[in-house]
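>>> Sharing a sequence plus its predicted fold:
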Amino acid sequence: MKVILLLLFLSIYTQVHHANTEEYLESWHESVGIKNAKKIKEYEDILYQRIVGGAIAPLNAHPYLVGLLIDLWGSPSLSACGGSLLTSNRILTAAHCWYDGRFQAMRFTAVLGSPFLFHGGLRITPDRISVHSQYNSRTFANDIAMLFTPIRIAYTHNIQPISLPHGEMLNESFEGEWTLASGYGRYSDIINPSTNTMARHVSLKVIPLAHCRVFYGNIVLDSNICTNGYGGVGICQGDSGGPLIVNRGGQPILIGVSSFVALDGCELGFPSAFARVSTYINWIRQLL
């Protein structure tokens with residue numbers, strides 16, 4: 001069975017063989033985030049009712065993964081994103097989760113240590129956000145932001161921080177390497193309420209940026225990392241802002257923040273794009 005990452009994606013209009021880079025959705029939250037948050041909750045409610053009284057498997061595989069539920073100004077509906085726990089009070093996510101060009105986040109709820117986005121786990125409301133000063137909501141440039149929690153999060157077996165790249169890794173392109181992305185929600189273009197909506201992951205191979213630009217044009221910058229979509233794998237509707245990692249010596253290292261994919265579907269072979277963490281390492285470190 002194909003395993004597709006469950007990510008609420010930043011949508012771009014696409015053509016049959018080439019992703020259109022000129023027309024963008026007016027509002028990611030309205031067109032994608034809100035709709036998929038509702039779907040995820042519906043699926044979770046059905047699945048959760050089946051296993052009440054039993055035991056939900058702990059999220060041991062991705063203890064750094066953070067789910068984000070988002071209250072928006074001017075909307076009664078919730079949206080959803082993902083993030084990565086960097087320290088006991090810092091969470092890295094995508095800037096478009098805060099502002100997509102139309103809707104702005106009023107409040108985030110961070111969900112840690114749970115295989116579900118709407119049920120269980122530790123839930124904390126961050127009290128501050130720092131968005132990259134050069135973030136562009138129309139082109140997705142510098143699509144990165146830091147959330148601050150008012151209290152320090154206690155680490156457990158299910159809640160652990162992710163390491164940042166350092167040393168020679170800061171100069172690596174990671175082209176040709178296999179990476180791992182994780183998130184909540186959908187894992188294929190076709191989903192129904194009986195589908196398991198627990199957190200999942202997918203292995204993705206990093207491709208040259210030139211290959212990515214064939215699909216997305218000049219919105220792909222040197223500050224991005226792109227992964228292949230061959231075989232119908234890639235990030236999908238679940239968590240924009242979620243982590244892309246490599247393993248070095250058995251240790252997960254955060255190298256990307258989920259930024260955008262094509263609108264046409266998760267399984268059509270389009271690449272996935274992430275904000276490159278090494279590009280923003282000084283910005284990140286200043287906020288830790």
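Right, received. Where do you want to start? Quantities reported herein were computed from a predicted structural model and do not represent experimental measurements. Residues are numbered from 1 along each chain as shown.

>>> Leu164: what's it in contact with?
Counting by CB atoms under 8 Å, 6 or more residues apart in numbering, Leu164 makes contact with Leu86, Ile253, Leu254, Val277, Ile281, Ile284, Arg285. The C-beta positions use only the backbone N, C-alpha and C, and glycine is treated the same way.

>>> Let me see the contact set for the fourth one.
Which is Val277. Contacts here follow CB under 8 Å, 6+ apart; on that basis Val277 touches Leu92, Leu164, Pro165, Leu254, Ile255, Gly256, Val257, Ile284.

>>> Buried residues in the helix or strand harbouring the fourth one, which are they?
This points to Leu254. Using DSSP states H and E, Leu254 falls within strand 251-260. Under the neighbour-count criterion of 16 or more other CB atoms under 10 Å, strand 251-260 has Pro252, Ile253, Leu254, Ile255, Gly256, Val257, Ser258, Ser259, Phe260 buried.

>>> Correct me if wrong: Gly256 contacts Ser272.
No. Using CB atoms under 8 Å, Gly256 makes no contact with Ser272, being 9.1 Å away.

>>> any common contacting residues for these two?
Ala181.

>>> my read is Ser182 is in a strand, agree?
Yes. Counting by DSSP: H, G, I helix; E, B strand; the rest coil, Ser182 is located in a strand.

>>> The nearest residue to it once chain neighbours are set aside and Arg152, how far apart?
Nearest residue to Ser182, sequence neighbours excluded (CB to CB, 6 or more residues apart in numbering): His201, at 4.1 Å. The spacing between His201 and Arg152, counted by CB to CB, to the nearest Å, is 27 Å.

>>> Have a look at the two and say which one is more surrounded.
His201 (19 against 9; other CB atoms under 10 Å).

>>> Give the buried residues for the helix or strand encompassing that one.
Taking DSSP H and E as the criterion, the element that holds His201 is strand 200-207. For strand 200-207, the neighbour count (16+ other CB under 10 Å) marks Arg200, His201, Val202, Leu204, Lys205, Val206, Ile207 as buried.

>>> pLDDT on that strand, on average?
Strand 200-207 shows a mean pLDDT of 87.

>>> Kindly report the same for stretch 176-193.
65.

>>> Stretch 98-118 now?
On average, stretch 98-118 scores 92.

>>> and if you look at stretch 71-80?
Mean predicted lDDT for stretch 71-80 stands at 88.

>>> ok, and for that stretch, which residues are buried?
Buried residues in stretch 71-80 (16+ other CB under 10 Å): Leu72, Ser75, Leu78, Ser79, Ala80.

>>> Next, format the residues you listed as CSV and append distance to Gly241 and secondary structure.
What follows is the buried residues of stretch 71-80, written out as CSV (distance: CB to CB, whole Å; DSSP: H, G, I helix; E, B strand; the rest coil):
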residue, distance to Gly241, secondary structure
Leu72, 15, strand
Ser75, 18, coil
Leu78, 15, strand
Ser79, 11, strand
Ala80, 10, strand
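
>>> residues making contact with the helix or strand containing Ile284?
Ile284 belongs to helix 281-287 when assigned by DSSP H and E. By CB under 8 Å, 6+ apart, the list of residues contacting helix 281-287 from outside reads Leu86, Arg90, Leu92, Ser130, His132, Ile144, Met146, Leu164, Pro165, Leu170, Val277.

>>> let's go with 6 Å and repeat that
Here helix 281-287 makes contact (CB atoms under 6 Å, 6 or more residues apart in numbering) with Ser130, Met146.

>>> What residues sit buried inside that helix?
Buried, per 16+ other CB under 10 Å, within helix 281-287: Ile284.

>>> Can I get it as CSV, trimmed to CA atoms?
Extracted as CSV, the C-alpha positions of helix 281-287 are listed here (Å, rounded to 0.1, in the frame of the first residue of the first chain):
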residue,chain,number,x,y,z
ILE,A,281,20.0,28.5,10.7
ASN,A,282,21.3,31.9,12.0
TRP,A,283,17.7,33.2,12.2
ILE,A,284,16.6,30.1,14.0
ARG,A,285,19.5,30.2,16.5
GLN,A,286,18.9,33.8,17.4
LEU,A,287,15.4,32.8,18.5
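
>>> Would you mind measuring from the residue lying closest to Ile153 once chain neighbours are set aside to Arg138?
Nearest residue to Ile153 in three dimensions, chain neighbours excluded: Ser88, at 4.9 Å (CB to CB, 6+ apart). Ser88 is 35 Å from Arg138, where distance means CB to CB.

>>> Nice, that's everything, thank you.
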